[in-house]
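Trainee: when you get a sec, could you give me coordinates for this:
(2 chains)
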Amino acid sequence: MTDRIYSMLNPARTLPLWLTILVVFVVPLVVDDPFWLNKFSGYICLGILAIALSLSWGYGGILNLGQAMSFGLGSYCMAMYLKLRTDAVHTGSGGLPDFMVWNNVETLPLIWEPFHFLGSTLILGIFGPAILAYLIGSFVFGGRVTGVFVAIITLAALVVVNLIVIDQQFVTGGFNGITDLAFLNIFGYEFDAYGTSSFYLAFAGLVVSLLVANWFINSRTGLITQAIRDDENRVRYLGYNVSMYQCLVMGLSAAIAGLGGMIYTVVMEFASPTFLDVKISLAVVIWCAVGGRQSFVGCFWGAVLINGVQGSLSETELFLETWTLLMGLLFILVVLFLPRGLAGLSEILFRKFRANKSTQSGGLNS
Amino acid sequence: MKSLKKLSTRNVVVEFSGFRAVDEVSLDIEAQGLVCLIGPNGAGKTTMLDCICGKTQNKAGGIFLDGTDISSVPEFRRSRLGIGRKFQTPSVFDGLTVAENIWVSLRKETNPFSNLSNFYLSMDEEWVAGVSEMLGLGLLLDKKAEYLSHGQRQWLEIAMVVAQSPAIILMDEPAAGMTASEKLKTAEIFNSLKKSHSLVVVDHDMGFVRDIADQVIVMHQGKVLAEGTVEEISKDESVKSAYLGSKGLV
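Mentor: Residues are numbered from 1 along each chain as shown, chains lettered A, B, ... in the order given. Okay, here's the model as predicted:
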C-alpha cells in the first residue's frame, strides 16, 4: 500500500536521483584537467536545461520548443551583471561596457540598471523567464491551443526574442553577445570558470533543479499536471482550471532553465545569441528523448552524454568528417531499441538484476 | 448528505456550421432519480450532455441549475457547481495508477499554487480505498491505467466522477463494452446513487435502461420525441417509427 506514495524519502524510488548527485559530486576528485572540468560544468548547465524541458514536456505534455529562450535570458542577465563588474576598457571602473562605447552609447541603458546588484540579477534571471513563459502560456492555453501548435508558437516566440537580442546591438552586444566578463564573486569568494569552484556552483544548480522538479511532481499540482498531460478534458470536467496548471508548469520550467542559463554564463565566460537560438532549443528535445523524457535524471544524463560524445567526436581527427553521421546513428538506435531512453534502459537492467537476485535466493523474495 | 440540485433546459439550440444538432430542447430533470436519454444515432443525445456540462456552447436557450442560467459559466466552474460528466470513450489518465486517477478527482483544493504544498504523504488513503472498493477496483489500485481492460477503464472513469459526488451526474454510454455481469453491477450502483443524486444516462442497451430508468426521454433529429416510463415509451408508435430499420428498440 505504502509503495504507492512516492515520496522523496523513499530510497528505492529516488535511488537514481541520489546516485546522480553523488556521481556528479565526485567528478572533480577524478578529473584534474581544468579544461575537462570546465567542459563538464558546461554540460551540467545544459543538463539543467534538459531537466526544465523534462518538466514541461515529459510531465506537463507541453512540447515547449522555446525552452532556450528562458535559458538565454538567464544567461544574458548574468552576463550583464558580470560585465558591469569589469573595469571598462575605455571609460574606467564603473564606466560603460566596451561594446556600448563602440556603438556610441553615452549613458547606460535603463534596462542595465538592475544588474548592478547580484540580488536583483538573480531575481530577474529566474523570475524574468518564468513570468514571460507564464504570460505566453496564458495566451496559448487560455486560447485552448494544443498539440503541435503549442510547439510552433513557443518556437516563434523564441525566434522573436532571438531577433530582438541580435538587433538591439547597443544594449545586448548583437551577434557578438556580451564577452570579456569578470569572475563571479560572492562575498569575496571568486568562481574561476576553470576551477572546482564553478563546477560546484553548477553542481549546486543541478541539485536545486532536481529537488525543485521532484518536489513539484510529487505535489498534488504535479499529479494534476500529469493528469492533464494524459487527458486534458477529463481534468477540466473534474473541475480544475487546466490552463492555470499548464501556465504554472511552463513558468517553473522556465525558471529552472533561467537558472541553468545564468550558471552557463559563469562557466563559459560569455553570453551570446547562440544560447537562445533555435538550434539549442531543438537539441534539448533530442537530449530528453535520448535520456527518457519522463525522468529528470535520465534527461540530465541524456544532455551530458550527447554533448560529451558530440564534443569528443567532433574534436577527434578520425571523426572530423563523420561525427554527425555517428550522432545520427546513435539517435536512430535509441529510438528503435530504447523508446523510453536511458531511463528506460536503467529500469530494464534494474529489473533483470532483481530477478537474478531472487532466483539465486530460491525465489523466496518474489 | 449532498445537497440536491434541479437541472432544467429551456429551448436549447446547438448548431454545427448551420446544422441543428439540438433543436429547441427543454428538459426538466428532477433532483433525485435517473433519467435515460435514448434515441437513434445522431439524435443529439451526446450533444445535449456536452451542452449541459459546457463542452459545447448552446446558440440559444438556457441551461438552468436550481433556476440560475449557467450557459456562460466555464466548464471547470460548472463541474464545481455540481455537474459531473463521464465521456463516451473512457477518458482516464494512462500514465497514472488507478489510485492516482481517483486521487486526482479528490477536489479539496483547486488552486495550483496551494496544491504545491500538498503531497502524496497526506493522501487520503481511506478515501481512495473506499471509492475503489465501491466500484470493484480495489485490487487494481497500483496498476497503471493503460493496462486496464475496456470495462475496467469504464469503471475507473465512473469512479472518478462519482467520487466527487456531483449533484447532477451525466453518463454517456457508461455500460458500453461491459460484460453482462459488469452491467448488472453498474445498474446496482446507479440504483443506489439515484437516491441521493440526479443521473442522466445515455445508453442504447434497452435491458440496461429497463434496469435503471425512472424516466426515459427519447430524442430524434435534435428534438424530444417522447417522454415517459419504459413501458410507455416502448408502446409509443412514433418512437417505433423513429427506430424503424433497427427492428424497434425492445
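Trainee: so for A:Leu55, what's the nearest residue that isn't a sequence neighbour?
Mentor: A:Ser253 (4.4 Å; CB to CB, 6 or more residues apart in numbering or on different chains). Bear in mind the C-beta positions are built from the backbone N, C-alpha and C, glycine included.
Trainee: wait, I meant A:Thr154
Mentor: A:Gly66 (3.6 Å).
Trainee: what's the separation between the residue nearest to A:Leu55 and chain B?
Mentor: 14 Å (CB to the nearest CB, to the nearest Å).
Trainee: ok, the residue of chain B positioned farthest from its centre - contacts?
Mentor: Centroid-distance maximum for chain B: B:Ser117 at 32.2 Å, with CA atoms, centre = their mean. Listed by CB atoms under 8 Å, 6 or more residues apart in numbering or on different chains, the contact set of B:Ser117 reads A:Ser219.
Trainee: list the contacts of A:Ala202.
Mentor: A:Ala202 touches A:41-42, A:44-45, A:48, A:263, A:267, counting by CB under 8 Å, 6+ apart.
Trainee: keeping just the C-alphas, turn the strand or helix carrying it into CSV.
Mentor: Using DSSP states H and E, A:Ala202 falls within helix A:196-218. These are the backbone C-alpha positions of helix A:196-218, laid out as CSV (Å, rounded to 0.1, in the frame of the first residue of the first chain):
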residue,chain,number,x,y,z
THR,A,196,36.3,23.4,-9.0
SER,A,197,34.5,26.4,-7.6
SER,A,198,32.5,27.0,-10.8
PHE,A,199,32.0,23.2,-11.1
TYR,A,200,30.4,23.1,-7.6
LEU,A,201,28.3,26.2,-8.5
ALA,A,202,26.9,24.2,-11.4
PHE,A,203,26.5,21.2,-9.2
ALA,A,204,24.5,23.3,-6.7
GLY,A,205,22.3,24.5,-9.5
LEU,A,206,21.8,20.9,-10.5
VAL,A,207,20.8,19.8,-7.0
VAL,A,208,18.4,22.7,-6.6
SER,A,209,16.8,22.0,-10.0
LEU,A,210,16.4,18.3,-9.3
LEU,A,211,15.0,18.9,-5.9
VAL,A,212,12.6,21.6,-7.1
ALA,A,213,11.5,19.5,-10.0
ASN,A,214,10.9,16.4,-7.8
TRP,A,215,9.1,18.5,-5.2
PHE,A,216,6.8,19.7,-8.0
ILE,A,217,5.9,16.4,-9.5
ASN,A,218,5.4,14.8,-6.1
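Trainee: spell out for me which residue occupies the centre of chain A.
Mentor: Central residue of chain A (CA atoms, centre = their mean): A:Leu49, at 0.9 Å.
Trainee: ok, the residue nearest to A:Thr154 - contacts?
Mentor: Contacts of A:Gly66 (CB under 8 Å, 6+ apart): A:136, A:154-158, A:161, A:281.
Trainee: swap in A:Ile286?
Mentor: Contacts of A:Ile286 (CB under 8 Å, 6+ apart): A:306, A:331.
Trainee: what about the nearest residue to B:Lys183 once chain neighbours are set aside, how many residues nearby?
Mentor: Nearest non-adjacent residue to B:Lys183, counting by CB to CB, 6+ apart: B:Ala175, 4.8 Å away. For B:Ala175, the neighbour count with other CB atoms under 10 Å in any protein chain shown is 27.
Trainee: and B:Ala175, what helix or strand is that in?
Mentor: Counting by DSSP H and E, B:Ala175 is part of no helix or strand.
Trainee: give me the distance between it and chain A.
Mentor: For B:Ala175 relative to chain A (CB to the nearest CB), the value is 19 Å.
Trainee: that older thread, from what I can see the residue nearest to A:Leu55 touches A:Ile48, true?
Mentor: No. Taking contacts as CB atoms under 8 Å, A:Ser253 lies outside contact range of A:Ile48: 10.9 Å.
Trainee: which one of the contacts of A:Ala202 is nearest to A:Phe25?
Mentor: Among these, A:Ile44 lies closest to A:Phe25 (CB to CB), at 11.2 Å.
Trainee: circling back to that earlier point, need the phi and psi values for the residue nearest to B:Lys183.
Mentor: phi -100, psi 0 (degrees, to the nearest 10).
Trainee: list the contacts for it?
Mentor: Counting by CB under 8 Å, 6+ apart, B:Ala175 has contacts B:154, B:182-183, B:186-187, B:203, B:205, B:208.
Trainee: could you do A:Asn38 as well?
Mentor: Per CB under 8 Å, 6+ apart, neighbours of A:Asn38: A:193-194, A:198, A:267.
Trainee: swap the cut-off to 6 Å and go again
Mentor: Residues in contact with A:Asn38, defined by CB atoms under 6 Å, 6 or more residues apart in numbering or on different chains, are A:193-194.
Trainee: tell me the secondary structure at it.
Mentor: At A:Asn38, secondary structure determined by DSSP: H, G, I helix; E, B strand; the rest coil is helix.
Trainee: could I get the pLDDT score of it?
Mentor: We have a pLDDT of 94 for A:Asn38.
Trainee: how close does it get to A:Gly147?
Mentor: 40 Å (CB to CB, to the nearest Å).
Trainee: if I pick the residue nearest to the centre of chain A, what's in contact with it?
Mentor: Counting by CB under 6 Å, 6+ apart, A:Leu49 has contacts A:71, A:257, A:260, A:284.
Trainee: list the buried residues of the helix holding A:Ala202.
Mentor: A:196-203, A:205-207, A:209-210, A:212-214, A:216-218 (16 or more other CB atoms under 10 Å in any protein chain shown).
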